[in-house]
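Colleague: A predicted structure for the sequence below; I have some questions about it.
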Amino acid sequence: MPAKPYRIEEHPDYGFLQVKPTPTREECAEYYAKEFYSSAYPGFQNSALDVQLADQEYLDGHREDICQSLSALLGRPAAGLEVLDIGCGWAQALLYFKKQGMACYGFDPAPEAVAYSRQQGLEVVQADIDQMDAFPERRFDVATLFNVLEHLTDPIKSLEAVRDKVLKPGGVLVIEVPNDFNPFQLAATELHDLKQWWVAPPAHLNYFSPATLRRLLAGLGFTVAHVESTFPLDMFLLFGDNYVQDRSLGKACHQRRVAFELNLRKLGKTAVLRDLYRSLATMQLGRTVVAFAQTRHT
């Protein structure tokens with residue numbers, strides 16, 4: 001898709017930032033079907049399959065945290081929960097959830113990813129990224145939007161559909177989005193004289209912080225149980241590791257982040273890690289934001 005002129009505007013009600021003019025639904029559907037999982041797009045937000053497989057232990061730790069949070073919120077074990085992964089990609093999260101005994105469903109616009117997911121024995125269908133009625137006859141205990149909300153042309157309409165048509169009463173929505181325009185990123189642009197490299201239409205159309213994501217969810221009638229962040233990778237830029245201009249530095253910084261998390265988990269310090277990430281979210285820091293929000297019970 002050729003680049004078009006754009007501007008960044010603040011949403012008047014919820015404060016998150018958006019690309020304007022918004023690409024059409026047809027333009028976005030074509031982009032995700034043909035380009036998002038292409039060889040030209042490896043590693044962006046961990047979307048490439050080989051990236052996810054290489055980092056499986058690290059990513060599964062995060063997925064285990066999610067399962068524990070879901071069990072605490074719903075008051076029951078993860079096993080038996082029905083989950084819909086919206087924009088499931090290569091279904092690595094669904095495969096993990098399936099191992100925990102969850103009933104797993106998903107949809108994605110990329111035919112290669114859908115075919116792969118079905119080969120793994122998962123109930124996954126091909127549908128546009130914002131087609132929340134992919135399973136019209138089912139309602140779910142859990143819906144997940146992992147690195148999806150930033151891509152949607154109308155995130156408010158999509159979240160309303162999840163609330164009204166996807167989740168059961170009292171069901172939980174788990175959202176993970178990049179934490180862009182965060183204080184470390186903005187400081188790094190000044191330190192290294194960089195452009196705002198994270199602004200990437202047509203891939204990313206919406207930009208959230210812990211505060212604006214919480215504000216959006218609460219404004220749409222969800223009860224926000226808690227918000228946490230992930231490791232503040234942008235901090236390495238302030239150490240002097242300019243991975244934006246040197247991709248090899250990016251790989252090294254990522255490996256150090258992985259080692260940090262895995263070592264804490266192996267030492268039985270997962271609770272410390274999660275407390276850190278909850279604290280970072282209150283400071284609007286962290287590479288991504290993870291929010292757990294629940295629908296009304298009646």
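Modeller: Cool, got the structure.
Colleague: tell me which residues of the helix or strand containing F260 are tucked away?
Modeller: Assigned by DSSP states H and E, F260 belongs to helix 247-266. Neighbour-count burial for helix 247-266 flags 249-250, 253-254, 257-258, 261, 264-265 (criterion: 16 or more other C-beta atoms under 10 Å). Where C-beta positions appear, they are placed from N, C-alpha and C, glycine not excepted.
Colleague: repeat for stretch 189-207
Modeller: For stretch 189-207, by 16+ other C-beta under 10 Å, it's 189, 198, 200-207.
Colleague: now, those that are in strands?
Modeller: 206-207 (DSSP state E).
Colleague: nearest to P155 among the buried residues of stretch 189-207?
Modeller: The shortest gap between P155 and any of the buried residues of stretch 189-207 belongs to N206, at 5.3 Å (C-beta to C-beta).
Colleague: who touches the closest one in this structure?
Modeller: 16-19, 149-152, 155, 177 (C-beta atoms under 8 Å, 6 or more residues apart in numbering).
Colleague: neighbour-wise, which of the residues you listed leads?
Modeller: Within the contacts of N206, most neighbours by other C-beta atoms under 10 Å means V177, with 27 neighbours.
Colleague: where's that one, which helix or strand?
Modeller: V177 is part of strand 167-178 when elements are defined by DSSP H and E.
Colleague: list the helices and strands that strand packs on?
Modeller: helix 56-74, strand 140-146, helix 210-219, strand 288-294 (3 or more C-beta pairs under 8 Å, 6 or more residues apart in numbering; DSSP states H and E).
Colleague: sitting in helices, which of the buried residues of stretch 189-207 do you find?
Modeller: Residues of the buried residues of stretch 189-207 located in helices (DSSP state H): T189.
Colleague: sorry, back to before: may I see the buried residues of the helix or strand following the helix holding F260?
Modeller: Note on helix 247-266: by DSSP H and E, the next helix or strand toward the C-terminus is helix 270-282. Neighbour-count burial for helix 270-282 flags 270, 273-274, 276-278, 280-281 (criterion: 16+ other C-beta under 10 Å).
Colleague: just the CA atoms of helix 270-282, as CSV, please.
Modeller: The C-alpha trace of helix 270-282 is given here as CSV (Å, rounded to 0.1, in the frame of the first residue of the first chain):
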residue,chain,number,x,y,z
THR,A,270,7.5,-13.8,39.2
ALA,A,271,5.4,-11.8,41.7
VAL,A,272,8.2,-9.3,41.9
LEU,A,273,8.3,-9.0,38.2
ARG,A,274,4.6,-8.4,37.9
ASP,A,275,4.6,-5.9,40.7
LEU,A,276,7.3,-4.0,38.8
TYR,A,277,5.2,-4.0,35.6
ARG,A,278,2.1,-2.7,37.5
SER,A,279,4.2,0.1,38.9
LEU,A,280,5.6,1.0,35.6
ALA,A,281,2.1,1.3,34.1
THR,A,282,1.3,3.9,36.8
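Colleague: so what touches that helix?
Modeller: Under the criterion C-beta under 8 Å, 6+ apart, residues 61, 65, 210, 226-232, 261, 264-265, 286, 289-290 lie in contact with helix 270-282.
Colleague: just stretch 183-199 next, same as before
Modeller: Under C-beta under 8 Å, 6+ apart, the answer for stretch 183-199 is 8, 19, 178, 180-181, 204, 207, 232, 234-235, 237-238, 242, 244-245, 283-285.
Colleague: switch the buried residues of stretch 189-207 over to CSV; also include distance to E112 and pLDDT.
Modeller: Output for these, formatted as CSV (distance: C-beta to C-beta, whole Å; pLDDT from 0 to 100):
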residue, distance to E112, pLDDT
T189, 35, 98
W198, 26, 95
A200, 21, 86
P201, 23, 87
P202, 19, 85
A203, 17, 86
H204, 21, 92
L205, 23, 95
N206, 25, 97
Y207, 28, 98
